[in-house]
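# after the sequence you'll find the predicted model.
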Amino acid sequence: MDRWATVWAFVHVLSWATYMGGALVMEFVWRPAQQHLPPSQTAVACQWMGRRYRWVALAALLGAGSSGAARLVAAGQISLSPPVFGDQLALSNGYGRTILATTVLWAVMLGTVGLLSLVAHPALHVRMRSDMTDEERGAARSAVMKAIRRMDIVLRVDLVLAAVAALLGASLSFGGIL
Amino acid sequence: MTSKFVNVLAAYLHVIGVATYLGGSLIMEFVVGPAQKAIPPAQAQVMGKKTADRFLWFAWGALALILASGILRLYSTNRESFLFGDSLFDTDFGRTLLTMVILWLVLVINGSIITFVLRPRLTGKTTAGASAAQAQAHQQGQMQAVKWLTWLTRTDLGIAFVVALLGSSLQFGGIA
């Protein structure tokens, strides 16, 4: 048994499981639970969770990417000296195309985590000042609700991307599906 | 010969099951759970109940999916003999598989304790005519249930980690 190969495979499984499990929980566990909470408390909980979730998601994605690359290096499909890519990674075969598609999806998911962290999540932080008029307060509240909805959409897209990436990844042991 | 479609489907369902159970538990434990402290206790209780009730269904579904897809994977890769023959005890692959099945059973037992013993104790209410002593005993029972629930959930997470490690080793022949 190749000990390092097992370690990389474990890190890969753990990373994908964390990323996908996180997206699943956010969509199918947390989102329906929001209906039972007042919007103001939903926003506070979303803020708190978002702060932690983005780091977990980022770490999971980086773990999946680095362990995936390490697995390809261990399998002799990536090398630092030319030719950099092995025969199996050629786009003329299904394995290579599936790896390429998975890598592209991984990069897109990295982008959505960035979007969550830099755009969707900061939009939840709206401070209600004491000198605000009722109209301003109403506008601020609807801005937060809009931000929550936008966050939901990004998380849903992320879940679909993760599900497709997992399908592509699962097919790699059988030569890929593209 | 099993078609590639069945092989890929079995592997995919297995990944979905593991992601739901392991990844979901991790996020529930380290992201959703701690967020309850950020909101008032009454709302935190509602949030905890709603999220835990819902996640329990997913956890049970994931455990069932992991078992079913795991068996399908063995059949689709022509390794079903490991389930019944001596190779379950005589080979690294078989022993690793056996350990995973035993740990899966532990997860099922722990899940049953959480679902049928601890959760009902947490959601149970005292009757209107209950005395102060009864109410206090009820509250103490709930505190105990929370302690056990936390301990069991973390134990399950640790077990799920070990199962994932064992599962990862199977493609290289197993480690047990």
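Good, I have the coordinates.
# what mean pLDDT does the helix or strand hosting A:Ala23 get?
A:Ala23 is located in helix A:3-25, with elements delineated by DSSP states H and E. Regarding helix A:3-25, the rounded mean pLDDT is 91.
# contacts for stretch B:3-15 next, please.
Residues outside stretch B:3-15 that contact it (C-beta atoms under 8 Å, 6 or more residues apart in numbering or on different chains): A:13, A:16-17, A:20, A:166-167, A:169-171, A:173-175, A:177, B:65-66, B:68-70, B:72-73, B:76-77. In short, each C-beta sits where N, CA and C put it, glycine included.
# could you check which residue of chain A lies nearest chain B?
Residue of chain A nearest chain B, by C-beta to the nearest C-beta: A:Gly21 (1.7 Å).
# in which helix or strand would I find A:Pro83?
Counting by DSSP H and E, A:Pro83 is part of no helix or strand.
# what mean pLDDT would you report for the longest helix belonging to chain A?
Determined from DSSP state H, the single longest helix within chain A is helix A:134-171. On average, the pLDDT along helix A:134-171 is 85.
# got the buried residues for it?
A:144, A:147-148, A:150-152, A:154-155, A:158-159, A:161-163, A:165-171 (16 or more other C-beta atoms under 10 Å in any protein chain shown).
# next, the angle helix A:3-25 makes with that helix.
For helix A:134-171 against helix A:3-25, the angle by axes from the mean of the first three to the mean of the last three C-alpha atoms, to 10 degrees is 140 degrees.
# list the helices and strands helix A:134-171 packs on?
helix A:3-25, helix A:31-34, helix A:39-74, helix A:94-115, helix B:4-18 (3 or more C-beta pairs under 8 Å, 6 or more residues apart in numbering or on different chains; DSSP states H and E).
# can you say which of the ones you listed is packed in most?
Neighbour counts (mean count of other C-beta atoms under 10 Å in any protein chain shown) averaged over each of those peak at helix A:3-25, with a mean of 22.
# list the helices and strands it packs on?
Judged by 3+ C-beta pairs under 8 Å, 6+ apart, helix A:3-25 is in contact with helix A:39-74, helix A:134-171, helix B:4-18, helix B:24-27, helix B:41-76, helix B:132-170.
# quick revisit: is the residue of chain A closest to chain B in contact with B:Gly23, as I believe?
Yes: A:Gly21 is within contact range of B:Gly23, at 1.7 Å (criterion: C-beta atoms under 8 Å).
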